[in-house]
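Engineer: pasting the sequence and the predicted model now:
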Amino acid sequence: MKRRTLLRYIAAGIPGLYLTQVAKASLLQHMIGHPNTGLPKGTFQPTWESLKNYQTPEWFRDAKFGMWAHWGPQCQPEAGDWYARHMYMEGSGQYKFHLKKYGHPSKFGFKDVINTWKAEKWDPQAIVDLYHRTGAKYFMALANHHDNLDLYDSSYQKNWNSTKIGPKKDIVKGWSDAARKRGLHFGVSVHAAHAWSWFETAQRSDKSGPLAGVPYDGKLTKAQGKGQWWEGLDPQELYAQNHALSENSLDDGMIHRQWNWGNGVSIPDQKYIENFYKRTIELIDKYGPDMIYFDDSQLPLWPISDAGLKIASHFYNKSIKEKGSLQAVITGKILDVEQRKAMVWDIERGQSNAIEPLPWQTDTCIGDWHYNREVYDQNRYKTPQSVIHTLIDVVSKNGNLMLNIPLRGDGNMDELEAKIVEEIGQWMRENGESIYKTRPWKIFGEGPAQQAAAALTAQGFNEGKGKSFTVEDVRFATKGDVLFATIMSVPQKDVIFIKSLAENSPYYRQKINKVELVATGAPLPFSRTADGLKVTFPAHSKLPSFAVPIKIS
């Protein structure tokens, strides 16, 4: 590693231990170069120090609830998440599924799955209209996944994008047009930075059986396509597997430990990095999203390249230039305290156990990220109650919820999912006042569930691991002079006590003049004692399902 490069990495604050792991790789010599952006100077420069001046726009803080279409060609088999990787893992459930449905991955690879994906029932306006009725204030579309197919008219992935192969439709444009028609803020999720290592399973071959030793299709070349449906296309533009395997690549769990481009991962070459950079800049410039979700530790390709920093600074500066102020949002995972100042921290399938000083987001799904027919057949979706509970809890801690409803390969939603979405919408229409435009209170809540909360692991993954909410659990949020207290289960008795609002409470010293049921506006009898705020629900009260917000003023 060159001395000036080493100094630059040290200045950026990369831990010394990590530096030693990265520096030992001779491949780093080619990766140090950066895309020649030619970007003009703006308010933000492509450095962490500059990006730390970021401030989350109010629209995002007010929105609280977004919906996500994590939908692409991996939904076509209807066999669950990360299909394009797992179908090449001999003996896995998705490998066995693939053999039965499509044939051997040496003869029918993921490129061929893409060709079967036609999205024939996709109606973006109908789906976005439903999400708008449900109460979502922003909508996120998958722009590409780790399978490396761009779901938009991509100049730099010109042969492997959804306008040229598969549906032959501009998926991102369809979603964007629908979202903007309903006045929703529009976002895109970008996952393709990791295709380089994620697709390494496609370089394998069976270890046993009649096709043992026959390579899967991960290293096919353009020349081998003669006479095939993909004649003239180069599979390497999709798979990006013309490189040596990462260390311990045969350890199927290693990909998670190498997500931060350490631990012996194969380092992408400069051509790959530049291609990803150009694709993402074009996505921003052509479709004008308000928000970008990066499925990366920090920003894409950090710390092996500053391409992600340059994308972020371009996105922020473009927002300022076009809107007069910074209205853009970028989310990233596994951020340290300083990096959370540069972008919005995203927690996957989990939530913080405290009020965060800066706005954040949890992203989760009612089933698998990509559609899974087994989840439908066995009715293993999250319940509307669990979604509402997550939303209330996250909002009390200064966060947002972005929820994915997995769509079938044809672009349709199954009837179980539709029912869940409708029930979420019903609760939001009755109780949204306690969610939208609120801010955290002095404490986020009270009750036994917070003492049994599960710790975050990696980028999240603590949802459903704590204690279930009961009528003793309360979550708080404020809006101006109003305090919302949400009872996290529907009371079976006429009276509840909120301990944090007892007389002489250090949290609430004002006099309480009125308590109302948010869903109906009906006044509720109350008294304040040393034990807490005693609230009575008259026998005729019609209480909402799942959780009961009350309004205190």
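Structural biologist: Ah, there it is.
Engineer: name the next helix or strand downstream of the helix or strand bottoming out on mean pLDDT in the chain, please.
Structural biologist: Sorting the helices and strands of the chain by mean pLDDT, DSSP states H and E puts helix 28-31 at the bottom, at a mean of 31. Counting by DSSP states H and E, the next helix or strand C-terminal to helix 28-31 is helix 48-51.
Engineer: what helices or strands is that next one leaning on?
Structural biologist: Contact partners of helix 48-51 among helices and strands, from 3 or more CB pairs under 8 Å, 6 or more residues apart in numbering; DSSP states H and E: helix 307-323. C-beta coordinates here come from the backbone N, C-alpha and C atoms, glycine included.
Engineer: what does stretch 367-385 contact?
Structural biologist: 70-72, 74-75, 78-83, 364-366, 404, 406-409, 414, 416-417, 420, 423-424, 427, 545-547 (CB atoms under 8 Å, 6 or more residues apart in numbering).
Engineer: for that stretch, buried residues please.
Structural biologist: For stretch 367-385, a neighbour-count test (16 or more other CB atoms under 10 Å) marks Gly367, Asp368, Trp369, His370, Tyr371, Asn372, Val375, Tyr376, Tyr381, Lys382, Pro384, Gln385 as buried.
Engineer: what are the ranges of the strands in the stretch 351-500 of the chain?
Structural biologist: Remark: strands assigned in the stretch 351-500 of the chain by DSSP state E, counting those that start in this stretch are 360-365, 399-404, 445-446, 474-479, 482-487, 495-498.
Engineer: so which of the ones you listed is nearest Leu238?
Structural biologist: Nearest of the strands of the stretch 351-500 of the chain to Leu238, taken as CB to CB: strand 399-404 at 23.9 Å.
Engineer: leaving out the residues flanking it, which one is nearest to the residue positioned nearest the centre of the chain?
Structural biologist: When CA atoms, centre = their mean is applied to the chain, the residue found nearest the centroid is Asp363 (4.6 Å). Of all residues beyond its chain neighbours, the one nearest Asp363 is Met402 (4.5 Å), with distances taken as CB to CB, 6 or more residues apart in numbering.
Engineer: that neighbour against Trp360, yeah?
Structural biologist: No. Shown here, Met402 and Trp360 do not form a contact pair, counting by CB atoms under 8 Å, at 11.1 Å.
Engineer: of the two, which one has the most company?
Structural biologist: Met402 (26 against 21; other CB atoms under 10 Å).
Engineer: bridging residues for that one?
Structural biologist: Beta bridges link Met402 to Gly66, Asp363 when assigned by DSSP bridges.
Engineer: list the contacts of it.
Structural biologist: Met402 touches Phe65, Gly66, Met67, Trp68, Tyr138, Met140, Tyr293, Gln361, Thr362, Asp363, Thr364, counting by CB under 8 Å, 6+ apart.
Engineer: CA atoms only: put stretch 213-227 into PDB for me.
Structural biologist: Output of stretch 213-227 as PDB, limited to C-alpha atoms (Å, rounded to 0.1, in the frame of the first residue of the first chain):
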ATOM      1  CA  GLY A 213     -17.500 -31.400 -11.200                       C
ATOM      2  CA  VAL A 214     -19.500 -29.800 -14.000                       C
ATOM      3  CA  PRO A 215     -19.200 -26.000 -13.400                       C
ATOM      4  CA  TYR A 216     -22.400 -23.900 -12.700                       C
ATOM      5  CA  ASP A 217     -22.900 -21.100 -15.100                       C
ATOM      6  CA  GLY A 218     -21.200 -18.400 -13.100                       C
ATOM      7  CA  LYS A 219     -18.100 -18.100 -15.300                       C
ATOM      8  CA  LEU A 220     -19.800 -18.400 -18.700                       C
ATOM      9  CA  THR A 221     -18.500 -16.000 -21.400                       C
ATOM     10  CA  LYS A 222     -20.200 -14.200 -24.200                       C
ATOM     11  CA  ALA A 223     -18.700 -16.600 -26.800                       C
ATOM     12  CA  GLN A 224     -20.500 -19.500 -25.100                       C
ATOM     13  CA  GLY A 225     -23.900 -18.100 -25.900                       C
ATOM     14  CA  LYS A 226     -24.000 -19.000 -29.500                       C
ATOM     15  CA  GLY A 227     -27.300 -20.600 -30.300                       C
END
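Engineer: let's number from 882 now, not from 1
Structural biologist: OK, 882 is where the count begins now, so the last one is stretch 1094-1108.
Engineer: run through who's touching it.
Structural biologist: Contacts with stretch 1094-1108, where a contact means CB under 8 Å, 6+ apart, come from 969, 985-988, 990-992, 1080-1087, 1112-1117, 1120, 1122-1123.
Engineer: with stretch 995-1002 instead?
Structural biologist: Contacts to stretch 995-1002, defined as CB under 8 Å, 6+ apart, come from residues 953-954, 956-957, 1028, 1030, 1041, 1046-1048, 1050, 1052, 1110-1111, 1119, 1289-1293.
Engineer: ok, and for that stretch, which residues are buried?
Structural biologist: Across stretch 995-1002, burial judged by 16+ other CB under 10 Å covers Ile995, Trp998, Ala1000.
Engineer: do stretch 1028-1045 as well
Structural biologist: In stretch 1028-1045, counting by 16+ other CB under 10 Å, buried: 1028-1035, 1037-1038, 1041-1044.
Engineer: what does stretch 1112-1126 give?
Structural biologist: Buried residues in stretch 1112-1126, counted by 16+ other CB under 10 Å: Leu1114, Asp1115, Pro1116, Leu1119, Tyr1120, Ala1121, Gln1122, His1124, Leu1126.
Engineer: go on, stretch 1288-1301?
Structural biologist: Buried residues in stretch 1288-1301, counted by 16+ other CB under 10 Å: Leu1288, Arg1289, Gly1290, Asp1291, Gly1292, Asn1293, Met1294, Asp1295, Leu1297, Glu1298, Ile1301.
Engineer: same question for stretch 1375-1388.
Structural biologist: In stretch 1375-1388, counting by 16+ other CB under 10 Å, buried: Ile1377, Ile1379, Ser1381, Leu1382, Ala1383, Ser1386.
Engineer: just the terminal-to-terminal distance for it.
Structural biologist: Terminal residues of stretch 1375-1388 lie 25 Å apart, using CA to CA, to the nearest Å.
Engineer: pLDDT value on Arg1230, please?
Structural biologist: Reading off the confidence values, Arg1230 has pLDDT 89.
Engineer: to clarify, my last question referred to Ala1330.
Structural biologist: For Ala1330, the model assigns a pLDDT of 83.
Engineer: count of neighbours near it?
Structural biologist: Around Ala1330 there are 20 other residues, counting by other CB under 10 Å.
Engineer: report the contact partners of it.
Structural biologist: Per CB under 8 Å, 6+ apart, neighbours of Ala1330: Gly1347, Lys1348, Ser1349, Phe1350, Thr1351, Asp1354, Met1369.
Engineer: next, Ile1431: secondary structure please.
Structural biologist: Following DSSP: H, G, I helix; E, B strand; the rest coil, Ile1431 is assigned to strand.
Engineer: beta-bridge partners for it, please?
Structural biologist: Beta-bridge partners recorded for Ile1431 (DSSP bridges): Ala1366, Leu1398.
Engineer: residues contacting it?
Structural biologist: Contacts here follow CB under 8 Å, 6+ apart; on that basis Ile1431 touches Phe1365, Ala1366, Thr1367, Ile1368, Val1396, Glu1397, Leu1398, Val1399, Leu1405, Val1416.
Engineer: noted, bye for now.
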